[in-house]
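Chemist: give me the fold of what follows.
(6 chains)
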Protein chains: 4
Amino acid sequence: MTVLKKSEVKRAALVKATINLVNNQGFHAAPMSKIAKMANVSPATIYLYFENKQDMINQVYKEVKAEYVAFAFETFKDDLSVEDGFELVWRRMAKYKLDDIEKGFFLSQCENTPMIDVESRQEGVKNLAPLLDLWDRGIAQDIIKPLSHHLLYAFSIYPLAFLLNAHKRGDFKITNTHLNDAYQAAWASIKK
Amino acid sequence: MTVLKKSEVKRAALVKATINLVNNQGFHAAPMSKIAKMANVSPATIYLYFENKQDMINQVYKEVKAEYVAFAFETFKDDLSVEDGFELVWRRMAKYKLDDIEKGFFLSQCENTPMIDVESRQEGVKNLAPLLDLWDRGIAQDIIKPLSHHLLYAFSIYPLAFLLNAHKRGDFKITNTHLNDAYQAAWASIKK
Amino acid sequence: MTVLKKSEVKRAALVKATINLVNNQGFHAAPMSKIAKMANVSPATIYLYFENKQDMINQVYKEVKAEYVAFAFETFKDDLSVEDGFELVWRRMAKYKLDDIEKGFFLSQCENTPMIDVESRQEGVKNLAPLLDLWDRGIAQDIIKPLSHHLLYAFSIYPLAFLLNAHKRGDFKITNTHLNDAYQAAWASIKK
Amino acid sequence: MTVLKKSEVKRAALVKATINLVNNQGFHAAPMSKIAKMANVSPATIYLYFENKQDMINQVYKEVKAEYVAFAFETFKDDLSVEDGFELVWRRMAKYKLDDIEKGFFLSQCENTPMIDVESRQEGVKNLAPLLDLWDRGIAQDIIKPLSHHLLYAFSIYPLAFLLNAHKRGDFKITNTHLNDAYQAAWASIKK
DNA sequence: TATGAATGAGCGTTCATTCAT
DNA sequence: AATGAATGAACGCTCATTCAT
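Modeler: Numbering: from 1, shown residues only, chains lettered A, B, ... in the order given. The predicted structure follows:
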């Protein structure tokens, strides 16, 4: 509607190009010049939208993470039972990552790298609040083991990243059966 | 008479420096010049021990991975029951990573990065054979769920990487209790 | 309106610097950094105009060679007699090299070096076509010895390079008399 | 016979390796380490025989040049007629270069490069004294044109370098007929 | 005499970033 | 808002040379 619209297009192209390039060869093989070329803009244009490369990576991370979490919780409602709620969220997380492998893989790569700064990572975690609340409810109801959120996350959510990586590398094809098995394993690991 | 050739000392210093620098800032922030400086050698010396940077990273990865797996299986015996065997290996894996956080974290970082080439990764996986055999035995004995090795690994072993990263980042202190809880979760996720 | 884009100025400066440095110390003593400095640009700027050092040398060679040949044939016409045509071209070749000793010497240095790739050299030779045609005409008219073009070139044109080198080195000053003598020798060597 | 003998072998191997490598890719592609490897000695050993790379190249040049000239004049006698003497020397020069193409090509490459220092080049020229004397005799006898030695050399000897280069590059195969033609051209260019 | 290990300096090249328009 | 040209700094790596034995 406004003049800004055009810029949104360019920004989106830059974000997409960044994800694409980082995925294919890692951060070190995603130079600004290539990102610019893939997004069909001048290198200088990048700096109209982002402060620098660090900032760009972090913004892209935060955006994708936010989109991911939003999708995961979109149909979630507080009145669901703990188990139903967890399964719903878990399956939507898996769905998001499998439906948009590029973004899913990008998130996985960011999970362990020091390129994402502390603040961005914390902001990413904050979005998970509804899940943590659900876990706390489950713990209170004696349905879920009374463990640290870190442990619950490590065993029920984090494994998806590994499966996705193996899937993307071609080592392992995630079928529907695998997905069901995986959910069962996730739930088994945290349920009381 | 064990003679430590000077070269082995330098090589070890280089390996250590590589792990250290990669851990602190990621691969892209571990230039050869810094690695050399940290290892107290000339940049040119690196190339007496490694073909190039790629080769260096991969060799370091393979060495650490081999050491890690060797440690994990050191006291393992085939006549252990499936559950005892798994717990033994799991706890030694955790112990290795916690005792030498630097190496543990380095392995985590390597898990997802495209800097490690396919061949090195596969060699790393090959070392896990005894664990896979144990799982197969467990499946045959109806003790462990009949799942793909990828799934078993994702839920019972991979979560350790997440906990270690959080620990290293200072988000989360891994206590003995956590470790026991974690083992319970790992076992719960794969046991029938 | 002839607009000299800034870039053409820089490119020309780079070409000039390359010729200059290669002449003074040979290819191995003409590092990109020195070339950049002499041309008053950043090292990185070179790569906006040339793909790499090889490409640069070859482009410079081809340009100078083309300029040289263009000059040599500028006033040549097909209706000249064989002898007049040859003398004209020969003298203009000599004039070009003596008027711009730097370029002349550069061409000499390129004549024998493996730094010039096969393709560039062949392109350089292609430009000589009118001279080869003239020789063929001379052979047909029984004015010139029926020799391979290589032989005709070796004895009538190539010697200029030697004289130029000696001149540049200061061993030998090429006077007008020398030039006339040289032409006589060149003609004597190929005329029937 | 003496201890020196062994070193002569190594020295000779180094000289040969230098010629070989310089020929194949030019000076810039003949690093000391490769030369050492090809001569089956340690890089450090080179410095027992030569002061540094410059010195090495120059010594090799001087040696080959001396050998070449010695061969050329070996059967030459002062009582030969000017024309017979010239033909004899010319043909032996050609023979040397064609019989040992490696050395012949090496000399050609040295002819124009600034890598050979002034002193070495002059020493190379000094060896040609008998030829220059012959020319002077020819001039006195009114058989040869009264030209500067530089001119006589440029037209009667230097062309061989061009033919050899073309031959080595594979552009042009020097046959016996070509050789005879070449001699005729050489003589024609300088004879009165 | 001879070496393999080691090196500082410097190579060709690329990078994230900025400038002039 | 957008750019292509330009850049200083730094990269991975190689070189001629020296050192310890």
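Chemist: now do the contacts for whichever residue of chain A sits closest to chain C.
Modeler: Nearest residue of chain A to chain C, counting by CB to the nearest CB: residue A:33, 11.5 Å away. (Each C-beta comes from the backbone N, C-alpha and C, glycine too.) The contact partners of residue A:33, taken as CB atoms under 8 Å, 6 or more residues apart in numbering or on different chains, are residue A:43.
Chemist: helix or strand for it, which one?
Modeler: Secondary structure from DSSP states H and E places residue A:33 in helix A:32-38.
Chemist: which elements pack onto the helix or strand just after that helix?
Modeler: Later in the chain than helix A:32-38, the nearest helix or strand by DSSP H and E is helix A:43-49. Counting contacts by 3 or more CB pairs under 8 Å, 6 or more residues apart in numbering or on different chains; DSSP states H and E, helix A:43-49 is packed against helix A:4-25, helix A:32-38.
Chemist: skipping adjacent residues, who's closest to residue A:130 in space?
Modeler: Nearest non-adjacent residue to residue A:130, counting by CB to CB, 6 or more residues apart in numbering or on different chains: residue A:73, 5.3 Å away.
Chemist: any weak-confidence spans in chain A?
Modeler: In the predicted model of chain A, residues A:1-6 satisfy pLDDT under 70.
Chemist: secondary structure element for residue A:134, which one?
Modeler: Counting by DSSP H and E, residue A:134 is found in helix A:129-140.
Chemist: for whatever helix or strand comes next after that helix, C-alpha coordinates in PDB please.
Modeler: Sequence-wise, the next helix or strand downstream of helix A:129-140 (DSSP H and E) is helix A:149-156. Output in PDB follows, covering the C-alpha atoms of helix A:149-156 (Å, rounded to 0.1, in the frame of the first residue of the first chain):
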ATOM      1  CA  HIS A 149      12.500 -27.200  31.400                       C
ATOM      2  CA  HIS A 150      15.900 -27.700  29.900                       C
ATOM      3  CA  LEU A 151      15.700 -31.500  30.400                       C
ATOM      4  CA  LEU A 152      12.100 -31.600  29.100                       C
ATOM      5  CA  TYR A 153      13.100 -29.700  26.000                       C
ATOM      6  CA  ALA A 154      16.300 -31.700  25.400                       C
ATOM      7  CA  PHE A 155      14.400 -35.000  25.400                       C
ATOM      8  CA  SER A 156      11.100 -34.100  23.800                       C
END
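Chemist: next structured bit after helix A:149-156?
Modeler: Once helix A:149-156 ends, the next helix or strand along the chain (criterion: DSSP H and E) is helix A:159-169.
Chemist: the helix or strand that that next one is followed by near chain B anywhere?
Modeler: Sequence order places helix A:176-190 as the next helix or strand after helix A:159-169, per DSSP H and E. Yes. Part of helix A:176-190 sits near chain B under the criterion CB under 8 Å from any CB of the partner chain, namely A:178, A:181, A:182, A:184, A:185, A:186, A:188, A:189, A:190.
Chemist: farthest pair within these?
Modeler: A:178 and A:190 (19.1 Å; CB to CB).
Chemist: more crowded one of the two?
Modeler: The neighbour count for residue A:178 versus residue A:190, taken as other CB atoms under 10 Å in any protein chain shown, is higher for residue A:190 (24 against 18).
Chemist: who's in contact with the more buried one?
Modeler: Residue A:190 neighbours (CB under 8 Å, 6+ apart): A:135, A:138, A:144, A:145, A:147, A:152, A:155, A:156, B:185.
Chemist: which residue does chain A have closest to DNA strand F?
Modeler: Using CB to the nearest atom of the strand, the closest approach of chain A to DNA strand F is made by residue A:44 at 2.6 Å.
Chemist: and the end-to-end length of stretch A:116-134?
Modeler: Terminal residues of stretch A:116-134 lie 27 Å apart, using CA to CA, to the nearest Å.
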